[in-house]
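Participant: Fold the following.
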Amino acid sequence: MKLYISLFSCWILLANVSAQKVSEDGLTDATQEVPKAQRVTTNGVNTSLDTITKITSQSLFEKIKREGTKEVILAADFEKLFDTRFEKDAAKQQATITLKNDSTDWQLPVKIGLRGRFRRKKCDFPPIKLDFPKGQLQEMGLHAEFDELKLVTHCLDGTESDQTLLKEYWSYRLYNQLTPNSFQVHLIKITYLDINNPSKTEQRLAFLIENNKELANRMGGTLANKFGMTPAQLDSTSYYQTVLFNFMIGNIDWNIRAQRNIKYIQKDSILLVVPYDFDQSAIVKAPYAKPHPDAGQEKLEDRLCLGQFPDAATLSIFLQQFSNLEKAFGCFNSCPYLTNKHKLRMTAYVNSFYEPLDSKKYLRKTFLRK
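Facilitator: Numbering: from 1, shown residues only. Next comes the predicted model:
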């Protein structure tokens with residue numbers, strides 16, 4: 001089966017905004033400490049958020065998504081921040097973030113720290129955790145509980161790293177096609193501004209990931225840390241979706257027993273599985289991703305199924321779901337920032353998942369319990 005090119009629109013950024021445009025409005029202001037969250041309207045007037053109507057049912061992440069925030073300025077002492085990459089429990093650094101919409105800029109104080117056990121050591125520009133003041137969020141009428149967001153950065157200095165980032169972003173979006181019980185993500189253009197040298201800026205692509213607790217709340221459950229789990233103890237639908245999706249994108253960097261790169265959401269008596277962190281997958285093919293010969297993988301593109309289906313009938317149900325989404329899984333093709341080379345490679349790799357599914361022998365050998 002061939003993967004059709006999706007006509008779904010790329011909601012991530014407005015198409016009429018050039019990927020090369022660098023906005024300089026507010027860069028000087030972004031270097032100043034902002035004691036209270038402020039909005040800056042197009043006429044340049046700062047308005048205290050105390051006077052703004054509060055929407056108590058919304059989180060900061062939801063606000064960013066719903067208002068279509070396209071550009072962000074993060075001002076910080078990045079040299080000092082990167083010096084902590086090998087420190088355990090390093091103190092977070094004070095920074096300022098500006099969220100830019102079509103008509104309004106929002107400035108907030110934020111504390112930042114490096115995250116990611118692997119990437120913080122390997123990346124030129126490691127991923128960042130954003131920690132917003134709870135009091136500021138409350139003043140904005142936002143959920144104070146969801147005060148932390150993950151910022152996925154470009155990792156390596158070369159411009160090709162933006163393409164790697166986009167492929168990881170679209171891996172999350174592909175899983176969104178499969179189920180709403182998945183992490184929401186939001187793509188942005190971000191300017192990193194060094195407060196010690198305001199003329200030194202770098203604009204790259206990045207994306208924000210929904211807060212863990214916010215995900216659990218949206219799913220109607222709570223986060224659960226559980227180790228040593230077996231498939232029989234997990235919600236079967238979310239587990240088999242995770243198994244088949246990770247197989248499709250060529251990802252073996254996950255484990256239910258060690259709770260590696262998955263979140264468990266406890267909903268009543270059900271333990272739901274939500275995968276994340278797809279940078280080691282073959283569809284992303286990050287420069288640092290390597291095959292695992294000890295697991296029988298000769299090259300990164302070799303697919304290995306890390307879970308087995310109990311019978312052909314159960315497997316057929318989930319394969320049908322994936323077949324129904326074959327066109328939707330091509331949504332990345334409408335993204336203006338992903339180059340044709342990478343679109344073609346991603347399309348070919350997803351196609352290679354579908355092509356052998358008509359073979360009963362292949363299905364029995366690959367997916368069914370021995």
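Participant: how about low-confidence regions in the protein?
Facilitator: In the predicted model of the chain, residues 1-57 satisfy pLDDT under 70.
Participant: Can you show me the strands along it?
Facilitator: For the chain, the strands defined by DSSP state E cover 38-41, 46-48, 71-76, 93-100, 104-114, 128-131, 148-152, 185-194, 201-209, 222-224, 262-267, 270-275.
Participant: Show me what the biggest helix by length in the chain is packed up against.
Facilitator: With DSSP state H setting the assignment, residue counts place helix 160-178 as the longest helix in the chain. When contacts are defined as 3 or more C-beta pairs under 8 Å, 6 or more residues apart in numbering; DSSP states H and E, helix 160-178 sits against strand 148-152, strand 185-194, strand 201-209, helix 236-249, helix 340-354. Every residue, glycine included, has its C-beta placed from N, CA and C.
Participant: Including distance to Pro133 and mean neighbour count, could the ones you listed go into a markdown table?
Facilitator: Formatted as a markdown table, the entries for the helices and strands packed on helix 160-178 read as follows, by distance: least, C-beta to C-beta, whole Å; neighbours: other C-beta atoms under 10 Å:
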| stretch | distance to Pro133 | mean neighbour count |
| --- | --- | --- |
| strand 148-152 | 11 | 21 |
| strand 185-194 | 20 | 21 |
| strand 201-209 | 17 | 19 |
| helix 236-249 | 34 | 22 |
| helix 340-354 | 38 | 16 |
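Participant: any chance of these in a markdown table, with distance to Ser323 too?
Facilitator: Formatted as a markdown table, the entries for those read as follows, by distance: least, C-beta to C-beta, whole Å:
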| stretch | distance to Ser323 |
| --- | --- |
| strand 148-152 | 30 |
| strand 185-194 | 25 |
| strand 201-209 | 28 |
| helix 236-249 | 11 |
| helix 340-354 | 8 |
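Participant: of those, which approaches Cys123 most closely?
Facilitator: For Cys123, the closest of the helices and strands packed on helix 160-178 is strand 148-152, at 10.5 Å, according to C-beta to C-beta.
Participant: Dump the closest one to CSV, keeping only the CA atoms.
Facilitator: Coordinates of the C-alpha atoms in strand 148-152 are reproduced here as CSV (Å, rounded to 0.1, in the frame of the first residue of the first chain):
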residue,chain,number,x,y,z
GLU,A,148,6.3,23.7,33.3
LEU,A,149,6.7,23.1,29.6
LYS,A,150,9.3,21.2,27.6
LEU,A,151,11.1,23.1,24.8
VAL,A,152,12.6,20.8,22.2
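Participant: what's that strand packed up against?
Facilitator: Contacting strand 148-152 under the criterion 3+ C-beta pairs under 8 Å, 6+ apart are the following elements: strand 128-131, helix 160-178, strand 201-209.
Participant: rewinding a little: nearest to Ala90, of the helices and strands packed on helix 160-178?
Facilitator: Proximity to Ala90 (C-beta to C-beta) singles out strand 148-152 among the helices and strands packed on helix 160-178, at 15.7 Å.
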